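>>> With the input below, show me the fold.
(chains A and B)
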Protein chains: 2
Amino acid sequence: MASDENKTRIMVALGGNAILKHTEQGTATDQLRNVRLTSKMLVELILDGYQLAITHGNGPQVGDILLKNELAKSSLPPMPLDICSSESQGMIGYMLQQSMYSELHLAGLDSSIATIVTQTVVNSDDPAFTHPSKPVGPFYTAMEASKLRNEKGWTVIDDSGRGFRRVVPSPQPVQILEETAIKTLFDEGIMVVASGGGGVPVVIEEDGSVRGVEGVIDKDRAAVLLAQIISADILLILTDVKNVYVDYNRPNQTPLHNISVEEAKKLAADGQFAEGSMAPKVESAIRFVEEGGKKAIITSIDNARQSLDGKCGTVISKTKLHSW
Amino acid sequence: MASDENKTRIMVALGGNAILKHTEQGTATDQLRNVRLTSKMLVELILDGYQLAITHGNGPQVGDILLKNELAKSSLPPMPLDICSSESQGMIGYMLQQSMYSELHLAGLDSSIATIVTQTVVNSDDPAFTHPSKPVGPFYTAMEASKLRNEKGWTVIDDSGRGFRRVVPSPQPVQILEETAIKTLFDEGIMVVASGGGGVPVVIEEDGSVRGVEGVIDKDRAAVLLAQIISADILLILTDVKNVYVDYNRPNQTPLHNISVEEAKKLAADGQFAEGSMAPKVESAIRFVEEGGKKAIITSIDNARQSLDGKCGTVISKTKLHSW
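Sure thing, here's the model as predicted:
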């Protein structure tokens, strides 16, 4: 079944809670149940006539894999972050494929779905490498932190008084190495899952060979690259909240509905969006629209379908759409 | 770059030692070095004009992931075997993609490579489910073994006096669920890595939905299905030894060079090939040729290239080829 060029193409970026809620333990049963519910919603979008590609976060999963490596290190060599990240891509891709296959079948659709293990190229001189900022893995005591700094050269910081945590660089994604495969599948009408957790960050060496680096790429930033590969009309960023807010968590908190790229940029410059949380989502939405996408939507999974009908969520487009 | 129909298509099944040697600890450095060497050899085959698809074993990797889960179980919920297996697909796929990309680039080729996370359908009434035979994961004491039998319903057996080990079913693969994606990539000339570790075994429920099961599919058996999907001319099974032998490990051990399917079947019926080791390789080679493949070769990685020139290895074909 080849891709139908008349279909609206959506790049879906699933937040962590599409797979695991903060309140859950993270058993396989928990994760498969959530992924199944997410898949049910995605199949509704397909029934509505959209063609989808999917990316997803991997924070809790790669955190668990890192911690398991840490706890087992006296018996087995721990794997570096890039390898743990590729493991999480296999794991989440499998759960998505399985749940989507089931929901597609139950809906009477015979679409295919496949996960491509993804490497995302970053610049080795990205300033993020000298300013690691993204906490990953388990908490440590002050003494363990000091040891890890000396022995492994890690940057380990005091994480808001909750303990010490390793921080890694979060460089800007430059290119998806597997872009040809992703485009090939999408253009054949196959739903593709790619760049899980932003993709494993890699650098291209002087001789042209590829090397994995320890870092975390923001999945919404990688989603913009994916959206370009599949020529998406819409970037749909699904997260915990129904809307982007101004004055978030303050008494005068106000949801944003339709805003233009210019308005979004102004609010971002005013520091309205939290770093490491809403800021990269809004930044990615802006970039997507500036580079030719029709609109970007930020909303919660439950509101995804309605947001495509323009009934809720925060919509960012070149010029402000009708208000509602 | 679309697939060239004149190229000979090879389905390569990499044995565990293409990724990790028995004598190694299993660090990321060990594995990446081995995978890089394997990739160098595979690129030589591409330079010789062959088009490849790749599958691989995952025994040591999934064993380590299971053991890490076991050692961390007081802190984090352990993942079931199907999920651990999907993690190993992500991990090994990533290492192969990275190494292959590098070696392709160094050889001046711009081919693409991508890993598809794979589910392999098995029959829920496969007799293997009532006769678990494949050891997986860590060794246990007799007391632990007894506890695991009672609490988890696992089959745990005394493994040749080395300790107690869980055994899981090794059902026959029936279908690769991601076959459309695999064929699509291969037909576009993209080197595809699929069915790592045989693929995660799944069953199709009565309502058509898919469920992962705890078991291990023989990767050479899954390779036969993959070979059919990509219409392979040759199935190339790469393992520890240069040849298949009769009277293996006996004073009169004799290497097999060219044999017909009929000879291979007779030797297999005579019990010449070890169960869980050479037997499923020979069985897969026979099946591949019987279902229309030109020839199957069983040899070591170092001898892969020469074996394609008919200079070494064990070649199984419909009728015996020229001898050498």
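>>> which stretch of helix or strand covers A:Val12?
strand A:9-14 (DSSP states H and E).
>>> Quick check: what element follows that strand along the chain?
The helix or strand immediately downstream of strand A:9-14 is helix A:28-47, counting by DSSP H and E.
>>> same for that following helix, what does it pack against?
On a contact count with 3 or more CB pairs under 8 Å, 6 or more residues apart in numbering or on different chains; DSSP states H and E, helix A:28-47 meets strand A:9-14, strand A:51-56, helix A:81-106, helix A:304-308. All C-beta spots, glycine's among them, are computed from the backbone N, C-alpha and C.
>>> got the residue ranges for the helices in the stretch 101-250 of chain A?
Along the stretch 101-250 of chain A, counting by DSSP state H, counting those that start in this stretch, helices occupy A:142-152, A:179-187, A:219-229.
>>> among these, which is the most enclosed?
With neighbours taken as mean count of other CB atoms under 10 Å in any protein chain shown, the helices of the stretch 101-250 of chain A reach their highest mean count in helix A:219-229, at a mean of 26.
>>> And the contacts of it?
A:11, A:13, A:53, A:55-58, A:120, A:172-173, A:175-176, A:179, A:182-183, A:186, A:194-199, A:232, A:235, A:237, A:280-281, A:283-284, A:287-288, A:291, A:293 (CB atoms under 8 Å, 6 or more residues apart in numbering or on different chains).
>>> so which of the helices of the stretch 101-250 of chain A comes closest to B:Ile113?
helix A:179-187 (7.9 Å; CB to CB).
>>> which helices and strands does that closest one pack with?
Helix A:179-187 packs on strand A:51-56, strand A:113-116, strand A:191-194, helix A:219-229, strand B:113-116, helix B:179-187, going by 3+ CB pairs under 8 Å, 6+ apart.
>>> now the ones you listed in CSV, with mean pLDDT and distance to A:Asn249?
As requested, the helices and strands packed on helix A:179-187 are exported to CSV (pLDDT from 0 to 100; distance: least, CB to CB, whole Å):
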stretch, mean pLDDT, distance to A:Asn249
strand A:51-56, 98, 26
strand A:113-116, 98, 35
strand A:191-194, 98, 33
helix A:219-229, 98, 21
strand B:113-116, 98, 41
helix B:179-187, 98, 43
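>>> Any idea which of the ones you listed gets closest to B:His131?
Counting by CB to CB, B:His131 lies closest to helix B:179-187 out of the helices and strands packed on helix A:179-187; the figure is 27.9 Å.
>>> thinking again about what came up before, out of the helices and strands packed on helix A:28-47, which is closest to chain B?
For these, the distance to chain B is smallest for helix A:81-106, at 2.3 Å, taking CB to the nearest CB.
>>> tell me which residues in that closest one are buried?
Within helix A:81-106, the residues scored as buried using 16 or more other CB atoms under 10 Å in any protein chain shown are A:81-105.
>>> of the residues you listed, list those near chain B.
Near chain B, judged by CB under 8 Å from any CB of the partner chain, the entries from these are A:82-83, A:86-91, A:93-95, A:97-98, A:101-103, A:105.
>>> which stretch among the helices and strands packed on helix A:179-187 comes nearest B:Thr130?
Closest to B:Thr130 of these is helix B:179-187 (CB to CB; 28.1 Å).
>>> ok, back up a step: can you put the helices and strands packed on helix A:179-187 in a markdown table and add distance to A:Ile259?
Below are these laid out as a markdown table (distance: least, CB to CB, whole Å):
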| stretch | distance to A:Ile259 |
| --- | --- |
| strand A:51-56 | 23 |
| strand A:113-116 | 33 |
| strand A:191-194 | 28 |
| helix A:219-229 | 17 |
| strand B:113-116 | 37 |
| helix B:179-187 | 38 |
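>>> Out of the ones you listed, which gets nearest to A:Asp4?
strand A:51-56 (6.9 Å).
>>> following the closest one, which helix or strand comes up?
Toward the C-terminal end, the helix or strand that comes next after strand A:51-56 (DSSP H and E) is helix A:59-71.
>>> Please tell me how far the most centrally placed residue in chain A sits from chain B.
Centroid-nearest residue in chain A, with CA atoms, centre = their mean: A:Lys219, separated by 3.0 Å. From A:Lys219 across to chain B, the span is 16 Å (CB to the nearest CB, to the nearest Å).
>>> buried residues in the helix or strand hosting A:Glu283?
Assigned by DSSP H and E, A:Glu283 falls within helix A:278-290. When burial is assessed from 16+ other CB under 10 Å, helix A:278-290 yields the following buried residues: A:Met278, A:Ala279, A:Pro280, A:Lys281, A:Val282, A:Glu283, A:Ser284, A:Ala285, A:Ile286, A:Arg287, A:Phe288, A:Val289.
>>> Equivalent analysis for stretch A:297-307, please.
Buried positions in stretch A:297-307, judged by neighbour count with 16+ other CB under 10 Å: A:Ile297, A:Ile298, A:Thr299, A:Ser300, A:Ile301, A:Asn303, A:Ala304, A:Arg305, A:Ser307.
>>> doesn't A:Cys312 make contact with the third one?
In this case it means A:Thr299. Yes. Assessed by CB atoms under 8 Å, A:Thr299 is found in contact with A:Cys312 at 6.4 Å.
>>> anything in contact with each of these two?
Residues touching both A:Thr299 and A:Cys312 (CB under 8 Å, 6+ apart): A:Lys242, A:Asn243.
>>> I'd like to know which elements the worst-scoring helix or strand of chain A on mean pLDDT is packed against.
Lowest mean confidence among the helices and strands of chain A (mean pLDDT, DSSP states H and E): strand A:134-140, at a mean of 88. If you count contacts as 3+ CB pairs under 8 Å, 6+ apart, strand A:134-140 packs onto helix A:59-71, strand A:164-168.
>>> CA atoms only for it - export them in PDB, please.
Output of strand A:134-140 as PDB, limited to C-alpha atoms (Å, rounded to 0.1, in the frame of the first residue of the first chain):
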ATOM      1  CA  LYS A 134      20.500  16.900  31.100                       C
ATOM      2  CA  PRO A 135      20.200  14.700  34.200                       C
ATOM      3  CA  VAL A 136      20.300  11.000  33.400                       C
ATOM      4  CA  GLY A 137      20.300   7.800  35.400                       C
ATOM      5  CA  PRO A 138      20.300   7.100  39.200                       C
ATOM      6  CA  PHE A 139      20.900   9.400  42.100                       C
ATOM      7  CA  TYR A 140      24.200   9.200  44.000                       C
END
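>>> Strand partners (parallel or antiparallel) of it?
Partners of strand A:134-140 in the sheet, by DSSP bridges, are strand A:164-168 (antiparallel).
>>> Distance from the strand it pairs with to the middle of the chain?
Strand A:164-168 sits 20 Å away from the centroid of its parent chain (CA atoms, centre = their mean, to the nearest Å).
>>> tell me the angle that strand makes with helix A:59-71.
Here strand A:164-168 runs at an angle of 110 degrees relative to helix A:59-71 (axes from the mean of the first three to the mean of the last three CA atoms, to 10 degrees).
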